[in-house]
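J.: Curious how this folds, go ahead:
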Amino acid sequence: MEQLAGEATRGRPIVLHPDAIDDFGLWRELGASVCIENMDKRKPVGRTARELAEIFRQLSAATLCFDIGHARQFDPTMTEAWLILREFGSKLRQVHVSEENTRSKHDALSFASIMAFREIAHLIPENIPLILETPVCEADMDAEIAKVRGALPLQSETMAA
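T.: Numbers count the residues shown, from 1 in each chain. Okay, the predicted model is just below:
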């Protein structure tokens, strides 16, 4: 925990999976440096707005790492994604972007994931960092970045269109 406290003083977010929390007190000490990530269907907690609400009750200063691929895999309708962002949007610190397949592995974005992500893109402020977790080779990176821009356009880009 000492090493993590050092990172916290540098202002770096510490992304935490809710199922890894054994002692809320230890994590509470790190305050807003703790960034809770929503989970995919394999995990027993942290998948829904209701489950995240319990985590944030225990760690009120913590922020949110929204994994849009996890949210879509858990609920392809994107209703839970919408609920999570509506409930905890003020805590949003970063967004992890990829498609997550049925085996819970990260994939490049598909047309279907791009269309689904567009449904909630307006809930993500343009100053929030997007972290690509798509496993693409260097030669395909520009194309993947273009797909992400299509899936999650900046609000100013959306207004201009």
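J.: P44 belongs to a strand?
T.: No - P44: not assigned to a strand; according to DSSP: H, G, I helix; E, B strand; the rest coil it is coil.
J.: measure it to E100 for me?
T.: 17 Å (CB to CB, to the nearest Å). Every C-beta, even on glycine, is put in place using the N, C-alpha and C of the backbone.
J.: These two: which has the busier surroundings?
T.: E100 (23 against 9; other CB atoms under 10 Å).
J.: isn't the more buried one right next to I68, touching?
T.: No - applying CB atoms under 8 Å, one finds E100 not in contact with I68, separated by 9.1 Å.
J.: Now the spatially most central residue of the chain: which helix or strand?
T.: Nearest residue to the geometric centre of the chain (CA atoms, centre = their mean): F66, 1.7 Å. Per DSSP states H and E: F66 is located in strand 63-67.
J.: helices and strands around that strand, which ones?
T.: strand 34-37, helix 79-88, strand 92-97 (3 or more CB pairs under 8 Å, 6 or more residues apart in numbering; DSSP states H and E).
J.: Return the most buried member of the ones you listed.
T.: Highest mean neighbour count among those (mean count of other CB atoms under 10 Å): strand 34-37, with a mean of 22.
J.: What lies in contact with that strand?
T.: The contact list for strand 34-37 (CB atoms under 8 Å, 6 or more residues apart in numbering) reads 13-18, 27, 46, 52, 55-56, 59, 61-67, 70, 93-94, 96.
J.: roughly how far out does it sit from the chain middle?
T.: 9 Å (CA atoms, centre = their mean, to the nearest Å).
J.: got the residue ranges for the helices in the chain?
T.: All helices of the chain, identified by DSSP state H, fall at 2-9, 24-28, 49-58, 68-74, 79-88, 111-118, 141-151, 155-160.
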